[in-house]
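Chemist: Sequence and predicted structure, then a few things I'm wondering about:
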Amino acid sequence: QVQLVESGGGLVQAGGSLRLSCAASARTFSTYAMGWFRQAPGKEREFVAAMWSDNLIYIKDSVKGRFFISRDNAKKSVYLQTTNLKPEDTAVYYCAANPRGWAYAMRSQYDTWGQGTQVTVSS
């Protein structure tokens, strides 16, 4: 069973940036699709970005041009670079994995989840 550990969250002022990281324990990490979701207080967990094993990328429309997903298979890690952060980006950010190499925006398409990392954007 793969394990995911997120890091990089914190408190940042509006307009600032954070780089979130997710380290995976999977032996065959390169074959996994990796995703980022977020959950704000009182709201449903929502899709943010996904990157397939063939490097195909999907990004939530509202964060396009501000958030960027990447992966380093040698380090078994996926990253979410967040820029020009807004107070409405405040949420717990979760990393998720799908061993079949592809996944879109549905939570049910991901088998494994990390514990989350808090991002707080002050105005």
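Modeler: Looks like it arrived, so ask away.
Chemist: where along the protein do the strands fall?
Modeler: 4-7, 10-13, 18-24, 33-39, 46-51, 57-59, 67-72, 77-82, 91-98, 112-113, 117-122 (DSSP state E).
Chemist: Can you add mean pLDDT and give those strands back as TSV?
Modeler: TSV is the format used below for the strands of the chain (pLDDT from 0 to 100):
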stretch	mean pLDDT
strand 4-7	98
strand 10-13	98
strand 18-24	98
strand 33-39	98
strand 46-51	98
strand 57-59	96
strand 67-72	98
strand 77-82	98
strand 91-98	98
strand 112-113	96
strand 117-122	98
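Chemist: would you list those strands in a markdown table and tack on mean neighbour count and distance to residue 105?
Modeler: All C-beta atoms are positioned from the backbone trio N, CA, C, and that covers glycine. Formatted as a markdown table, these follow (neighbours: other Cβ atoms under 10 Å; distance: least, Cβ to Cβ, whole Å):
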| stretch | mean neighbour count | distance to residue 105 |
| --- | --- | --- |
| strand 4-7 | 18 | 18 |
| strand 10-13 | 13 | 25 |
| strand 18-24 | 20 | 17 |
| strand 33-39 | 24 | 8 |
| strand 46-51 | 22 | 4 |
| strand 57-59 | 15 | 7 |
| strand 67-72 | 18 | 13 |
| strand 77-82 | 23 | 15 |
| strand 91-98 | 23 | 11 |
| strand 112-113 | 17 | 15 |
| strand 117-122 | 17 | 19 |
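Chemist: Please identify which of these is closest to residue 106.
Modeler: The stretch from the strands of the chain with the least distance to residue 106 (Cβ to Cβ) is strand 46-51; that distance is 7.7 Å.
Chemist: hmm, who's touching the closest one?
Modeler: Here strand 46-51 makes contact (Cβ atoms under 8 Å, 6 or more residues apart in numbering) with 33-39, 57-60, 63, 67-71, 78, 80, 93, 103-107.
Chemist: from the chain's centre, how far out does it sit?
Modeler: Chain-centre distance of strand 46-51: 6 Å, with Cα atoms, centre = their mean, to the nearest Å.
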